[in-house]
Structure formats: structure tokens, C-alpha cells
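>>> Give me a 3D structure for the following:
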Amino acid sequence: VYSYFESRGCDREGWNEVVFFGLQYFIKRYLMGQVITRAKIDEALELCSEHFQGDGLFYQEGFEYILEKHGGKLPIIIKSLPEGMVVPTKT
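Numbers count the residues shown, from 1 in each chain. A predicted model of the protein is given here:
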């Protein structure tokens, strides 16, 4: 799965560049270390059961696989621009 985000730009004269920043903070805050725990899986299962009808809507097996196989760390690769780089909008 690939995901990206971009600046849509602006109609104001001279606003044709943007500084790429904030990804380091987001990665360190939300994606590093053990993200998946038994307690979080149980909490998510309970929350989904309260809000959705039917079994199988919460993919518990997938989260348990990440917990067991990867120690709760997300098996992802992130490629990005360097933090602080100035880039054109609408790219």
C-alpha cells in the first residue's frame, strides 16, 4: 500500500511553494516503538463491538499477527522528502 499527501496550492499571488515539515514528529509520536499491545487490541475489539453489529468487523487476527510476529512494532517503510525542504505546491 502506498500513501502520500500534497499541498493543493493557493490562489494567492506568490504562494507557490511550501515547506515540508512535521513528519518526524508524527513518526516519533505515533509510529515508533511498540504501537500494538494486547491491551490496545482488547480495547479496540470492545469499542468496535459497542458501535458495530456483527462479528468479524474488527480484524483482530491481523493485529495479533503484528503483536506476535513483530513485537507490536508496525512493519512499515517510510520514504519522504527531507524535513524542512521547500517544494512547489500542487506536486
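
>>> Does Gly33 touch Gly71 like I think?
No. Counting by CB atoms under 8 Å, Gly33 stays clear of Gly71, with 9.6 Å between them. In short, each C-beta sits where N, CA and C put it, glycine included.

>>> Would you mind listing the residues touching both of these two?
When CB atoms under 8 Å, 6 or more residues apart in numbering defines a contact, no residue borders Gly33 and Gly71 alike.

>>> Look up how far Arg38 lies from Leu31.
Distance of Leu31 to Arg38, computed by CB to CB, to the nearest Å: 19 Å.

>>> do Ala44 as well
Ala44 sits 11 Å away from Arg38, going by CB to CB.

>>> Is Lys90 in contact with Trp15, as I believe?
No. The criterion here is CB under 8 Å, and Lys90 misses it with Trp15 at 10.9 Å.

>>> Please identify every residue contacting each of the two.
Gly9.

>>> burial count for the closest residue to Phe63 other than its chain neighbours?
Nearest non-adjacent residue to Phe63, counting by CB to CB, 6 or more residues apart in numbering: Ile41, 4.9 Å away. Ile41 is flanked by 18 other residues according to other CB atoms under 10 Å.

>>> ok, now which ones touch Ile41?
Counting by CB under 8 Å, 6+ apart, Ile41 touches Gln60, Phe63, Glu64, Leu67.

>>> Please identify which helix or strand holds it.
helix 38-51 (DSSP states H and E).

>>> same question, Val87
Judged by DSSP H and E, Val87 forms part of strand 86-88.

>>> So what are the sheet partners of that strand and their directions?
Partner strands for strand 86-88, per DSSP bridges, with pairing direction: strand 17-19 (antiparallel).

>>> From the chain's centroid, how far away is the strand it pairs with?
Taking CA atoms, centre = their mean, to the nearest Å, one finds strand 17-19 lying 22 Å from the centre of the chain it belongs to.

>>> list the buried ones in it?
If you call a residue buried by 16 or more other CB atoms under 10 Å, then strand 17-19 has these buried ones: Val18.

>>> Tell me which residues are up against that strand.
Contacts with strand 17-19, where a contact means CB under 8 Å, 6+ apart, come from Ser7, Gly84, Met85, Val86, Val87, Pro88, Thr89.
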